[in-house]
Each structure stands twice: as C-alpha cells, then as structure tokens.
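# Whatever this is, show me its structure:
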Amino acid sequence: MTSPPAAIVLQARLASRRLPGKALADVAGRSVLEHCLRRLCAAAVGPVILATTTRPEDDALASLASGLGAGVFRGSAEDVLGRFSRCARERGLGQIIRATADNPGVDQEAPGRVLAALRATNADYVREDGLPHGAGVEGVSREALLRAALLATDAYDREHVTTFMRRRTDLFDCVTLAAPAALSRPDVRVTVDTADDLESIRGLYRAVAAQMPSLEELIAAWDRVSCRSVA
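Next up is the predicted model:
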C-alpha cells in the first residue's frame, strides 16, 4: 500500500495586522509570496500548496500560486489550524511541512532536512533551532495535526497552528534539531513582519543580486550590509 504523500503547505493572507498586503510587496522584482513559493518548490520534497482564506481579497494570492504551478486550498481566515487540518485530510497528506508567506528568505534545504527527521524519528512534530529568523519550516504528521485540531480550543493556538503541539509535550512527541553550523545565525532576519523588515530584505536581495540566493548567501549579505551600516 502506498504511503500518503508529503507536501509543503504555505499559509498566507493579505490581512496582516502589522504590515497589510506584505505578501504582494515587491522584493527584487518579485512579490514576497512568489519568492516563498519558488524557494519552497526548489526544495523538491513534494507538492507545494498555498493555504489561504476564502476572503475575496485573497483571490490574488490564489491566482499567483496557481500561475506558478502550486496547489491552492482555501479555508478559515482565523482558524488556521482548522485550515491546515482540512487541507491535510482533503488532500490525503501524510506529512506536512508548514511554511509561512512572510519568509522570502526561507532556506530551500530546510524542508528536506525536517521531512527526513520527521520520517526517521516517527515524531509528531519537528523543528530546527538556530536558523535566521524566518528561514525555517516545521514538520508535523497528519495524525498529530488532526489530533491538535480536535483538542486545541484557545484562539491563539487555532491561529498559530503548532503552538498547542509544542506546549503539550505530554500529548505530542516533539523533536528539535540543531541548525547546520554554517546556517546557525539566529541574529539574522530574513522575514517580513514590519516595514523595516521589508526594507532590510530588499537590501539583502540587492546585495546578493541573484533571483534565488541560498541562505548562506543571504547571511553573507547581512554581514556585509551590517558592516557598512556600522562604518
């Protein structure tokens, strides 16, 4: 019997509280969302599915993802845990690599490392510690995701998907890996939470001058830009 497939599920919506519309903000000629989708597709661990909301404003996100060959799943705007569990169930997924669409510097190799650990340990949940902020992904088994969706009642846990699992280690087997030494730079930010973050990631892409730089290249660019700003 064939095992259920793994997939990368990327959550996104335009109604960000701190920086509305950031998923479509331009970085080096591509939107933040497009950078995320292209980098995650490059991981080549399985299909990439955009999990967005049913709100009309997010039609643009769904259209962009479809145009790049990604799958699209639409669900609740606030109950993101429910959105993910429905996606896993309705698409017949076995392992889910969770990514978020505010990370245009996500490490292309991270999904492969996390998925391999998820399968090797048979854990419910796997994450890496020490990567630049915004470079990582999370891995969760289908069974754990569906169980969390049944048990979690707090609004924060419903919105943030994996917080219930990470907190309730009495119920879920959670594994934390050390990031590869060359990528262990928690002081670096490659995420977009604020307007300052957006300008920072634009600066990093200008410094690298590549359409899909590796995480190591982004870290090196961070160090160069930081040195110039100090000087």
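# Residue 61: what's it in contact with?
12, 13, 14, 23, 24, 33, 50, 52, 101 (Cβ atoms under 8 Å, 6 or more residues apart in numbering). All C-beta spots, glycine's among them, are computed from the backbone N, C-alpha and C.
# ah, wrong one, I meant residue 70
Contacts of residue 70 (Cβ under 8 Å, 6+ apart): 10, 37, 41, 47, 48, 49, 50.
# quick one, phi psi at it?
Note on residue 70: its backbone torsions stand at phi -90, psi 160 [degrees, to the nearest 10].
# Now the buried members of the contacts of residue 70.
Buried subset of those (neighbour count, 16 or more other Cβ atoms under 10 Å): 10, 37, 41, 48, 49, 50.
# how close does the last one get to residue 63?
The gap separating residue 50 from residue 63 is 10 Å, by Cβ to Cβ, to the nearest Å.
# Same check on the fifth one?
Spatial separation of residue 49 from residue 63 under the definition Cβ to Cβ is 15 Å.
# on that earlier part again, out of the contacts of residue 61, which end up buried?
Applying 16+ other Cβ under 10 Å to those flags 12, 13, 14, 23, 33, 50, 52, 101 as buried.
# so how many other residues sit close to residue 85?
22 (other Cβ atoms under 10 Å).
# That one falls within a strand, correct?
No: Residue 85: not assigned to a strand; according to DSSP: H, G, I helix; E, B strand; the rest coil it is helix.
# element containing the closest residue to it other than its chain neighbours, please.
In this structure, residue 85 finds its nearest non-sequential neighbour in residue 149, 3.7 Å apart by Cβ to Cβ, 6 or more residues apart in numbering. Assigned by DSSP states H and E, residue 149 falls within helix 142-151.
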